[in-house]
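Predicted structure and sequence below. I'll ask about it afterward.
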Amino acid sequence: MNSAAHPPSVPAAPDRSSLRQAALAHLARFGTTRHGLGQVLLRRVARWQRQAVAAGAEPDQADATARQLGGTVAQVVAEMVAAGAVDDSAFARSRVRRLTRSGRSGRAIAAHLAARGVEAQVSAQALSGDADSTPESALSIPGHTPLNATERDLCAAVVLARKRRLGPFNPAAGEDTQDPFDDDTDGGGNAPRANARAKALGVLARAGFARDTAERVLDMDPEEAQDWLERLKGEP
């Protein structure tokens, strides 16, 4: 059969109902921001536009319909926000907790949130750990004081130090033996130890931690480092 004589039918453009269903399906599987949800729905519109043009629709008409659907996407996203299904503040708090526990610095987390469309003010509140950005359930825990931004960054640096076996987690620290982070094999004096510390500082700096935070972590004894890890673990 000659396919050119029987072109495929142009698919129907998504409408408000189908976009709303797509939004609900996405939210059932993933946490996201209003910007993120909007991008998901706009990609759905763009996919329809490509398929419509490939099926024989006039490009100008398909483009005009896609622009019109952009307004519908904005309405659907606003509806999800109003219903509480999308909450940028809650998303930011969740990501701050998760990424801190993985050893990400406040700078790295702020960049992550910005890339997902979280407004700078919302991101700053989530990172600050102030009462306005802390759930009431956490504030009601007896004896619980939420970590502030400095303490959270310190905890994250401790997590990274544990992962990379730096500072208090370096079994060779304080020993008069060749440091495992040093490439010099002469086994002599303080130079290998100083070189190892410089490399450890570099690891923490590249991860986005301030010099004073990195120095403090590297100077911790194992007991203090564990105390900070326990403090982080106790965060709701």
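It's in.

from here on, contacts and neighbour counts on C-alpha atoms
OK.

Distance-wise, check the residue lying closest to D221 once chain neighbours are set aside relative to M220.
Distances taken as C-alpha to C-alpha, 6 or more residues apart in numbering put P168 closest to D221, at 5.3 Å, once the chain neighbours are dropped. Applying C-alpha to C-alpha, to the nearest Å, the value for P168 to M220 is 6 Å.

So for the two, which residue has more residues nearby?
Counted by other C-alpha atoms under 10 Å, P168 and M220 do not tie: P168 has more neighbours, with 22 against 15.

picking that back up, helix, strand, or coil at the residue nearest to D221?
Per DSSP: H, G, I helix; E, B strand; the rest coil, the secondary structure class of P168 is helix.

Identify the residues contacting S9.
Counting by C-alpha atoms under 8 Å, 6 or more residues apart in numbering, S9 touches A55, G56.

give me that answer again for 7 Å
Taking C-alpha atoms under 7 Å, 6 or more residues apart in numbering as the contact definition, S9 lies against A55.

ok, now the one 4 residues further on?
For A13, the set of contacting residues under the criterion of C-alpha under 7 Å, 6+ apart consists of W48.

In the protein, where is pLDDT below threshold?
Where the chain drops to pLDDT under 70, the residues are 1-8, 130-144, 173-190.

can you list the domains in it?
Listed domain ranges for the chain are 13-82, 88-139, 149-233 (source: automatic domain parsing).

Could you work out the end-to-end span of the longest one for me?
One end of domain 149-233 sits 16 Å from the other (C-alpha to C-alpha).

measure the residue nearest the centre of the chain to V96 for me?
Compute the mean C-alpha point of the chain, and by C-alpha atoms, centre = their mean the closest residue is H112, 4.4 Å away. Relative to V96, H112 is positioned 10 Å away (C-alpha to C-alpha).
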